[in-house]
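> Return atomic coordinates for the entry below.
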Amino acid sequence: MLSVIIPFHNVEKYVGECLESVARQTLRDIEVICVDDGSTDGSAAVAAAMCAVDDRFRLISQDNVGPGMARNVGVRHATRRYLAFVDGDDVVPRVAFAKMVASLESTGSDLACGNAKRLIGGHLMPSWAHRAAFKKSMKRTHITRHPLLIRDRMVWNKVFRRSFWDELRLAFPDRMYEDQPVTMAAHVRAASVDVLREVVYHWRQRDEAESSITQRKLEPDNLRDRLLSVCDASRILRGGAPDLAAAFDTDTLDIDMHVVVEAVAHHGDTLPPDIVDLAVSYLDQVPLSGWLGLPFERRLLVHLLHRRELDTLAGVFAEVESGALQPMVRRHGRSWIAEHSRMPDRLTPLSGDLALTSRLVRLDWHEGKLHGEGRVSIGRFDAGAVGRVKLRTWLKERKSGARIPLGHGTAIPTWAEIPWGDDSTVLESGYDFAFALDPSALASRRPGHWELHVELRRPGLLLNGKVGGPRWAPPTAPAPVRLGDLWLTPVRTFRGSWGIRLSRRNTVVRECHVHDDELVISGELGRVGDGEPVLRLIRRHDAEEVYFPVALKGHAFTARLAFAEIDDSKQEQAWWDVVLDHGKVVRFAVETAARPEVEVRGRRFLVDRGEDGGLMIREKSAS
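Next up, the predicted model:
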């Protein structure tokens, strides 16, 4: 039924798990062609061992010629009705091939493709490249009817009808990023394509420094091959689906050309000039519509690349990274433009860049009211030419949409120092706002979540959004207050948006502090359950759990949480919800205003509240 081709080179650490995942597929009628592309480690031995116990597996060994040529060798040995490709360091979910083959059998489409997740440090994360295109399943569609497939440029999340593959005479080029032109040609020339929302592939991000092709993106050879594949894919789209060229250009300028920009800033004069030549030759054919789809900062950087102003590009890139680049935004007729001395007039119009950025800078209780101060800015632009604006703030209940007004007034643009990254600030143009909340306005409300919103208005400009701010920057959330049988708790969501949580809680954290790299939590339990109490940490992105003992004396409890015993997430940031489990899960009301922060073994932990008002621990790398 299906030929599965698995090329590999020096992936001894991962290839066993890869082959096992293919062997366990619910679709049993498969042949698996393993192509050892000149491995010098034990990868071939692992594959040979699988071949010895499963006669569906065959091993072909050859000198190292690269993944594209290795895949072509596998195709020449394949004999079944359908084709699939797997990289030797990745993993295939158990029902993946069965679902894609069944879809093709029922629809007659030329290929089926499915969703993918990143496999990072043993944990699965959404893949940004696939999330939007595979949000819902679609049978017998096409890239011209579902343009989000522009980003579906990998070969490994697909099953191809072999007759279709041969009719198109598809073959991989002899370079890295070899799958992009193949998949674009298949998408464009297919009569129809099946799109599956189910995850059919786990795409690994390796831990070691000498890692996968995509993790070595700034290397000159890697970059050169990437650009060659971009140019091939562009020719295919312009020849077979010209209406998609603009979407492809915007996507490519935003991702691939920005990698070239990073490489110029990183390598400087040592970057081989033919790489810039390749980028410029591609950019020469991009129409204005492709450029205007880019955010202004990236548009400016890619324009400097196109003009070969590489020294200026490096300087502007440094400004962007530090937050110092803030071009003037001004009204031009009925539209808005941004100005920069190196940007031509045709590239100055703004569209999606005009979004509101807001943050709180102070939040505390004063004379029984919750007072807040914040700043709003118009993206990363100098608002000096925008002038005076009207500002208003309100609370909005997430489910019902009910509103409570908080404050309104006018403001003029000013400059202020704001946090930017760890232990650094940047001078930002924006507007100050303030508000006050009388808790009695919420006294008769039901439990729920009220989000804090702000609006900026002037003739020709209306921007609004939730009030946010980075969790590691001030202010910390002040203590909650009781409203009858409810707790009114100022909180920030997982993404940093501020709000008010109304909840009923009878288990209260009175104190929390750090002692000898342990978090000591004490409080009062409303009702003692039947089970032995434990403190339970649940990681948001993968539901990983860690447990710590709880000492109970009557209704009083104490728990000690050792930060060193919390599993490393292998990500830059992770969030842990903290609950008490004693036969049932109990979430806390956090009465204390303390927000301990600690660094343990190169990891930083911040004790905070979650958006439900309960206890949460945020973790990120100390580097």
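> For stretch 355-373, what does the pLDDT average out to?
Summarised as a single mean, pLDDT over stretch 355-373 is 94.
> Show residues contacting it.
Stretch 355-373 is contacted by residues 374-380, 393, 418, 430, 432-439, 452, 454, 456, 463-470, 473-475, 477-479, 481, 490, 498 when judged by Cβ atoms under 8 Å, 6 or more residues apart in numbering. Placement of C-beta: from N, CA and C, glycine included.
> List buried residues within those.
374-380, 393, 418, 430, 432-435, 437, 439, 452, 454, 456, 463-464, 466-469, 473, 475, 477-478, 490, 498 (16 or more other Cβ atoms under 10 Å).
> name the element V491 belongs to?
Following DSSP states H and E, one finds V491 within strand 486-492.
> That strand - contacts with which helices or strands?
Other helices and strands packing on strand 486-492, by 3 or more Cβ pairs under 8 Å, 6 or more residues apart in numbering; DSSP states H and E, are strand 481-483, strand 498-503, strand 589-590, strand 603-609.
> List the pairing partners of the last one within its sheet, with orientation.
Using DSSP bridges, the strands paired with strand 603-609 are strand 597-600 (antiparallel), strand 615-621 (antiparallel).
> Repeat that for the third one.
According to DSSP bridges, strand 589-590 has the following sheet partners: strand 508-515 (parallel).
> Quick check: A574 touching K620?
Yes: assessed by Cβ atoms under 8 Å, A574 is found in contact with K620 at 7.5 Å.
> These two: which has the busier surroundings?
Comparing A574 with K620 by neighbour count (other Cβ atoms under 10 Å), the higher total belongs to A574, at 23 against 18.
> Identify the residue nearest the more buried one in space, chain neighbours excluded?
Using Cβ to Cβ, 6 or more residues apart in numbering and skipping residues adjacent in sequence, the residue nearest A574 is E619, 4.8 Å away.
> The one you found: how many residues sit nearby?
E619: 22 neighbours (other Cβ under 10 Å).
> Contacts only, for it.
If a contact means Cβ under 8 Å, 6+ apart, then E619 has 566, 569, 573-576, 603-606 as its contacts.
> which among these end up buried?
Buried, going by 16+ other Cβ under 10 Å: 566, 569, 574-576, 603-606, out of the contacts of E619.
> Then Y431 would be within a strand, right?
Yes: the assignment for Y431 (DSSP: H, G, I helix; E, B strand; the rest coil) places it in a strand.
> so it makes contact with L456?
Yes: counting by Cβ under 8 Å, Y431 does reach L456; the two are 6.8 Å apart.
> between these two, what contacts are shared?
In contact with both Y431 and L456: 376, 389, 391, using Cβ under 8 Å, 6+ apart.
> Next step: the residues you listed restricted to strands.
Counting by DSSP state E, the shared contacts of Y431 and L456 place 376, 389, 391 in strands.
> Mind putting the residues you listed into TSV with pLDDT?
Formatted as TSV, these follow (pLDDT from 0 to 100):
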residue	pLDDT
V376	96
V389	97
L391	98
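> and of these, the nearest to A559?
Of all those, the one with the least separation from A559 (Cβ to Cβ) is V376, at 40.1 Å.
> mind listing what the closest one touches?
If a contact means Cβ under 8 Å, 6+ apart, then V376 has 356-358, 391, 430-431, 433, 454, 456 as its contacts.
> what's the spacing between it and G469?
11 Å (Cβ to Cβ, to the nearest Å).
> And V454, by the same measure?
From V454 over to G469 the distance is 12 Å, taken as Cβ to Cβ.
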